[in-house]
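*Asks:* Just a sequence and a predicted model for now, questions to come.
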There are 2 protein chains.
Amino acid sequence: MDKVLKDIKQALQLAGLRDGMTLSFHHHLRNGDFVLNQVLAAADQLGFRDLHVNTSSLFDIHAPLIELIRRGVVTHLECNYMSARIGREISHGLLEDPVIFRTHGGRPADIAQGRSPIDIAFIAAPTADKMGNISGKYGPSACGSLGYAMADAAYAKKVVAVTDHLVPYPLADVSISETDVDYVVEIDRIGNPEGIVSGTTKITRDPIGLLMAQYACRAIDASGLLKDGFSFQTGAGGASLATAAFLKDLMLEKKIHGSFGMGGITAYLVQMLEEGCFESLMDVQCFDLEAVRSIREDRRHCEVSALKYAGPRPDVKSSLVDNLDVVILGATEMDKDFNVNVHTNSQGEIMGGSGGHSDTAAGAKMAMIIAPLIRARLPLIVDQLACISTPGESIDCLVTQYGLAVNPRREDLLARFKEAKLPLLTMEELQQKAESFSGKPQPLDLSGRVVGKVRYRDGRIISELHEVKD
Amino acid sequence: MDKVLKDIKQALQLAGLRDGMTLSFHHHLRNGDFVLNQVLAAADQLGFRDLHVNTSSLFDIHAPLIELIRRGVVTHLECNYMSARIGREISHGLLEDPVIFRTHGGRPADIAQGRSPIDIAFIAAPTADKMGNISGKYGPSACGSLGYAMADAAYAKKVVAVTDHLVPYPLADVSISETDVDYVVEIDRIGNPEGIVSGTTKITRDPIGLLMAQYACRAIDASGLLKDGFSFQTGAGGASLATAAFLKDLMLEKKIHGSFGMGGITAYLVQMLEEGCFESLMDVQCFDLEAVRSIREDRRHCEVSALKYAGPRPDVKSSLVDNLDVVILGATEMDKDFNVNVHTNSQGEIMGGSGGHSDTAAGAKMAMIIAPLIRARLPLIVDQLACISTPGESIDCLVTQYGLAVNPRREDLLARFKEAKLPLLTMEELQQKAESFSGKPQPLDLSGRVVGKVRYRDGRIISELHEVKD
């Protein structure tokens, strides 16, 4: 008995694809993913139209989607993140139906609770067996964790594993079980390893980034949170990684034994695990090859589902973000109320999305934005955001190269940072400083029709994205 | 933030227990389990009545249940296995409502599909953290796999972890995730280690058992299934273990590399893994301390849910039993059509249940019963069974000390066994032989009211158990 089919078209036919159905994908292969394009091309060749695509993220490699949207093959998109190539087109009116943007915790919760049902989920599977047991840890396209795909596999009506590494049954160390998988398709390559994980992620050498990282590390030290049991998330940005590096030295020096590191995992967090800064890593996505090696070899480096990572209560009974001490996050724009935009650039064009931004900000005891005050001659802090990705009430402080601003709701933090003699400014002061260098930017025209909606982790639409006029 | 409550009573109250609700339990702590008794005692003390209990198995240690049933605290039972102490009482009319007997695969499927909803699941947790991440592998009451508890945790309305080993958050190597758990209760001891796992499981020294094991091993060798990729399940009975021991020698001699060993796992299967007979072990329950050590240390020794072990299609999209080559099973009685009774003794009193018997028999390419032809002066083969636990159509052969009987549906096996010069008899011949020693037993009186129903893995009631008159 096995579930192996001859190709993707056969899988679409046996899974019962019809016009109007929702297909789902995940983004662990990131800008190296071949699966989404191949599946949609097959659906197009079979003549299907009006397809809905729900994926955890879209990258530039998925640009063929643009043409499929133009031709009516795909008519609706839902995702947590969309990089600039497709984002720009959406912002300029490509798609009639507004894109639904979720968070990494909200998306699987909506799938699990039946609020965004999926007809056919496609799992890009770096390793699979003939019955559909799947792992992300092994094979030529190994990506490590498959955390974002788990809800799709568990709740979609039909589930198809697409693999380039079919191994003897039964695969032992599985991310997704045969109990959930209907079909297995073997293709030549599911992805381009260079796009899947970067070989290495690197700390910034930029002095501004290093300065911000030093401030961030001092702020963590001053926060009162850096003690045994400390938990921490950071992303893969250069200044964030630099913060992790400074933090590691500080934790080793102070002999602080943290509990867990989380998030997209990089070599820096792996090093912190191995040097005893953390007891475990909770990994919903690997960002580099060292993380992939570690999750394969080290039992303390745990693959977790997106629901366990960041699922909102009461849809889940708790998730890791509920016990997170500190998260370091980015921003493209902020306003004086600490609201953050990570969806658009300064022209209002889509080039990102929440991902886990608002989930971790909501959960963490200290959510810290690290961002240069001016980027490409434009100030970070503006009067009106093109989009609110993360509400300011869940952001505790902003770290820039000129100093820190603390959310007035956090008087406790402000007092601690003062005591630690950190350079403190108000958002107004930071905004003035930025504008003194770059001038006040023209307010964006937000009168265009709605091309995207930001669905917060609790299901509320907290912001709308508007068409950018040419 | 944490979910730790002060005691079981508080958990029952916060979980909203009301009269008539269904509580669920699992049996990994087997005859050492303290949790079921403590929970029901607490519910009794709080004055609740008419409770329904759904548990994977009941053991003699759960005898306090008898008094709770007499007093109307518990009015309905569902389980996959019930040992003799409570079984005898049920058979003599203790409970008005018939007990629903399921299989290890059918029970989680019914829970997952909403056919047997659970209000509050109690997870006996050898290790847990404050948020309800649970592992069976660590702690003073370690039992290894928690495979039978996974559906309860995933689908019950409320889930309570009861632990005697609370560890710092977050537990890394988890069996059940905080996303599913509402409350955590710490108690002094969740079980008696001597009853949880036997220190060692032992091969029979009985010459009849060894002879049957030799026949069984020769039959496996002759079946055509013993080749690279071979998969195998056996239980913990003395003759079954002896078969595994003979099989190990044979596989090593013939350099056969099997794929997986499965079932309740013992030291013998662990040895087979470590010596290269199998690539992996799929473990829904550990039977001895060596299995517990192995599942903790060896990544090839995998914890699997009962759904993955034995869930029926289409409730799951496949399970391990669908790709099982050979399973060795027991029987208390059989009839000439190869139907098997593992629920009652020769008096018709309940002392067992299907467990994974009918699941594995349905899935395996060769389901082999190993049983002595006469036990306690009573013949194995009778004209009418007190209960059909596993339909004869899924049993391929019977191994006794006098030789083998092959199901006439398996002409292919019969030919192979003949060629291998195995001693072959028909069921009729075996029955006659047994009766020549022990005489023909009196037919059982099956006119008593129905006290139990055997629900097959596909949901059909395939047999009823009758009250035994005193």
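*Replies:* That came in fine, so what should we check first?
*Asks:* do you know how far residue A:57 is from chain B?
*Replies:* Residue A:57 sits 22 Å away from chain B, going by C-beta to the nearest C-beta, to the nearest Å. (Each C-beta comes from the backbone N, C-alpha and C, glycine too.)
*Asks:* How about the contacts made by residue A:464?
*Replies:* A:98, A:387, A:450, A:452-454 (C-beta atoms under 8 Å, 6 or more residues apart in numbering or on different chains).
*Asks:* Please identify the buried residues of the strand or helix carrying it?
*Replies:* Following DSSP states H and E, one finds residue A:464 within strand A:461-466. Residues of strand A:461-466 classed as buried: A:462-466 (neighbour count, 16 or more other C-beta atoms under 10 Å in any protein chain shown).
*Asks:* Same question for stretch A:56-64.
*Replies:* Here stretch A:56-64 shows A:56-59, A:61-62 as buried, counting by 16+ other C-beta under 10 Å.
*Asks:* which pair in those spans the largest distance?
*Replies:* Largest separation among the buried residues of stretch A:56-64 by C-beta to C-beta: A:56 and A:61, giving 14.3 Å.
*Asks:* So for the residue in chain A sticking out farthest from the centre, what's the nearest residue that isn't a sequence neighbour?
*Replies:* Computed with C-alpha atoms, centre = their mean, the residue of chain A farthest from its C-alpha average is residue A:1, at 37.4 Å. Closest residue in space to residue A:1, ignoring its immediate chain neighbours: residue B:322 at 5.4 Å, by C-beta to C-beta, 6 or more residues apart in numbering or on different chains.
*Asks:* just residue A:362 next, same as before
*Replies:* Nearest to residue A:362 is residue A:394, by C-beta to C-beta, 6+ apart, at 4.7 Å.
*Asks:* OK, contacts around the one you found?
*Replies:* By C-beta under 8 Å, 6+ apart, the neighbours of residue A:394 are A:358, A:361-362, A:367.
*Asks:* make it 6 Å
*Replies:* If you count contacts by C-beta atoms under 6 Å, 6 or more residues apart in numbering or on different chains, residue A:394 has them with A:361-362, A:367.
*Asks:* looking at this, the residue nearest to residue A:1 is in a helix?
*Replies:* Yes - counting by DSSP: H, G, I helix; E, B strand; the rest coil, residue B:322 is found in a helix.
*Asks:* and the residue in the stretch 351-470 of chain A positioned nearest to chain B, what does it touch?
*Replies:* In the stretch 351-470 of chain A, no residue comes nearer to chain B than residue A:363, which is 9.2 Å away by C-beta to the nearest C-beta. Counting by C-beta under 6 Å, 6+ apart, residue A:363 touches A:321-322, A:324.
*Asks:* Closest one to chain B out of those, please.
*Replies:* Among the contacts of residue A:363, and counting by C-beta to the nearest C-beta, the member closest to chain B is residue A:322, at 5.4 Å.
*Asks:* Surely the closest one and residue B:1 touch.
*Replies:* Yes - here residue A:322 lies in contact with residue B:1, judged by C-beta atoms under 6 Å, at a distance of 5.4 Å.
*Asks:* strand partners of the helix or strand encompassing residue A:368, parallel vs antiparallel please.
*Replies:* Using DSSP H and E, residue A:368 falls within strand A:366-370. Take DSSP bridges as the rule and strand A:366-370 pairs in its sheet with strand A:326-329 (parallel), strand A:397-400 (parallel).
*Asks:* Same list as before, these that is, but in CSV and with mean pLDDT and distance to residue A:228 included.
*Replies:* Shown next, in CSV, are the strands paired with strand A:366-370 (pLDDT from 0 to 100; distance: least, C-beta to C-beta, whole Å):
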stretch, mean pLDDT, distance to residue A:228
strand A:326-329, 98, 14
strand A:397-400, 98, 23
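*Asks:* Chain B contacts on chain A?
*Replies:* By the rule C-beta under 6 Å from any C-beta of the partner chain, the part of chain A lying against chain B is A:1, A:131, A:169-170, A:172-173, A:177-179, A:181-182, A:260, A:280, A:299-300, A:302, A:307-308, A:311, A:316-318, A:322-323.
*Asks:* Tell me what the residue positioned nearest the centre of chain A is bridged to.
*Replies:* The residue lying closest to the centre of chain A (C-alpha atoms, centre = their mean) is residue A:355, at 3.2 Å. Counting by DSSP bridges, residue A:355 is bridged to residue A:103.
*Asks:* Pretty sure it sits against residue A:81.
*Replies:* Yes - if you go by C-beta under 6 Å, residue A:355 and residue A:81 touch, sitting 4.9 Å apart.
*Asks:* shaky segments in chain A?
*Replies:* Within chain A, the ranges that satisfy pLDDT under 70 run A:199-200.
*Asks:* Can you name the residues that contact residue A:216?
*Replies:* Going by C-beta under 6 Å, 6+ apart, residue A:216 touches A:243, A:370, A:399.
*Asks:* can these go into TSV with extra columns for distance to residue A:421 and neighbour count?
*Replies:* Below are the contacts of residue A:216 laid out as TSV (distance: C-beta to C-beta, whole Å; neighbours: other C-beta atoms under 10 Å in any protein chain shown):
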residue	distance to residue A:421	neighbour count
A:243	19	31
A:370	19	27
A:399	15	26
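*Asks:* and residue A:97, how many neighbours does it have?
*Replies:* 14 (other C-beta atoms under 10 Å in any protein chain shown).
*Asks:* Please name the nearest non-neighbouring residue to it.
*Replies:* Nearest residue to residue A:97, sequence neighbours excluded (C-beta to C-beta, 6+ apart): residue A:76, at 4.8 Å.
*Asks:* Quick check: the one you found vs chain B, distance?
*Replies:* Look at residue A:76 and chain B: by C-beta to the nearest C-beta, they are 27 Å apart.
*Asks:* do residue A:146 as well
*Replies:* 15 Å.
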